[in-house]
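Asks: Sequence plus predicted model, see below.
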Amino acid sequence: EADIYQTPRYLVIGTGKKITLECSQTMGHDKMYWYQQDPGMELHLIHYSYGVNSTEKGDLSSESTVSRIRTEHFPLTLESARPSHTSQYLCASSEGASGRAIGELFFGEGSRLTVL
Amino acid sequence: ILNVEQSPQSLHVQEGDSTNFTCSFPSSNFYALHWYRWETAKSPEALFVMTLNGDEKKKGRISATLNTKEGYSYLYIKGSQPEDSATYLCASSTGNQFYFGTGTSLTVIP
């Protein structure tokens, strides 16, 4: 059973506020990911990490930032939220430290963000 | 960016019917193809991880096939049950990340 947790599950916030979406996993996975999904659209990769102190941007441009200070923790931060940031954000992790994307992804339940 | 397409977009079937969905992906530089099942208010869960051309995998009433040369995978559900209602996502990898399709939303009517 996957052990990856996201908080908050739902967040409604005003424009200009700083927010942090938390993601933690207890499986000891080196690889972690943040995906963004708008209704009816694909999951798009916005950030990924291959281990502590490693972070990369995905193909979808995002104004968010991430950090990886501990293996189990991969928070995503928006310094100044805007209505265009309204979306669902999914965190995932997988085994392996190599660059190849092959292994199964374990997902959290998602954080649904609404910016008014 | 990889173009992964799934069809149909949504599907309603009667309980007991068998059904199948399609995932198409670019066949060049293929590494892996995943199928995920995503129920409302839950997290996506992996059904199958396939890497070899001709792979066929089965889990209970659900099975999947993979053709990497022509770039498609089929997911089959035999004797659909209401608990099979979910969105089924496929994802393809050619390197260091996965690219997802928009999913097939399945509703099984009791």
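Replies: Okay, I see it. Numbering: from 1, shown residues only, chains lettered A, B, ... in the order given.
Asks: Please count neighbours and contacts with C-alpha atoms only from this point.
Replies: Fine.
Asks: residues in contact with residue A:92?
Replies: By C-alpha atoms under 8 Å, 6 or more residues apart in numbering or on different chains, residue A:92 lies in contact with A:4, A:32, A:33, A:34, A:35, A:105, A:106, A:107, A:108.
Asks: Among those, which pair sits farthest apart?
Replies: A:4 and A:35 (14.2 Å; C-alpha to C-alpha).
Asks: anything in the helix or strand where residue B:64 lies sitting right up against chain A?
Replies: Using DSSP states H and E, residue B:64 sits in strand B:62-67. No: Strand B:62-67 stays clear of chain A (C-alpha under 8 Å from any C-alpha of the partner chain), getting no nearer than 14.8 Å.
Asks: Show me what counts as buried in that strand.
Replies: B:62, B:63, B:64, B:65, B:66, B:67 (16 or more other C-alpha atoms under 10 Å in any protein chain shown).
Asks: Please, where are all the strands along the chain?
Replies: If you meant another chain, say so; for now it's chain A. Counting by DSSP state E, one finds strands in chain A at the ranges A:4-7, A:10-13, A:19-25, A:31-37, A:44-51, A:54-57, A:65-66, A:76-78, A:87-94, A:106-107, A:111-115.
Asks: Chain B is the one I meant
Replies: Under DSSP E, chain B gives strands at B:5-7, B:10-14, B:19-24, B:32-38, B:45-50, B:56-59, B:62-67, B:72-77, B:86-93, B:98-100, B:104-109.
Asks: Parallel or antiparallel, list what pairs with the first one.
Replies: Strands adjacent to strand B:5-7 in the sheet, as given by DSSP bridges, are strand B:19-24 (antiparallel).
Asks: now what about the strand it pairs with, what contacts it?
Replies: By C-alpha under 8 Å, 6+ apart, strand B:19-24 touches B:4-8, B:13, B:71-78, B:80, B:90, B:101, B:104.
Asks: rewinding a little: can you redo the contacts of residue A:92 as JSON lines with neighbour count and distance to residue A:73?
Replies: What follows is the contacts of residue A:92, written out as JSON lines (neighbours: other C-alpha atoms under 10 Å in any protein chain shown; distance: C-alpha to C-alpha, whole Å):
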{"residue": "A:4", "neighbour count": "20", "distance to residue A:73": "10"}
{"residue": "A:32", "neighbour count": "27", "distance to residue A:73": "9"}
{"residue": "A:33", "neighbour count": "26", "distance to residue A:73": "11"}
{"residue": "A:34", "neighbour count": "25", "distance to residue A:73": "12"}
{"residue": "A:35", "neighbour count": "20", "distance to residue A:73": "16"}
{"residue": "A:105", "neighbour count": "23", "distance to residue A:73": "16"}
{"residue": "A:106", "neighbour count": "23", "distance to residue A:73": "14"}
{"residue": "A:107", "neighbour count": "26", "distance to residue A:73": "14"}
{"residue": "A:108", "neighbour count": "25", "distance to residue A:73": "13"}
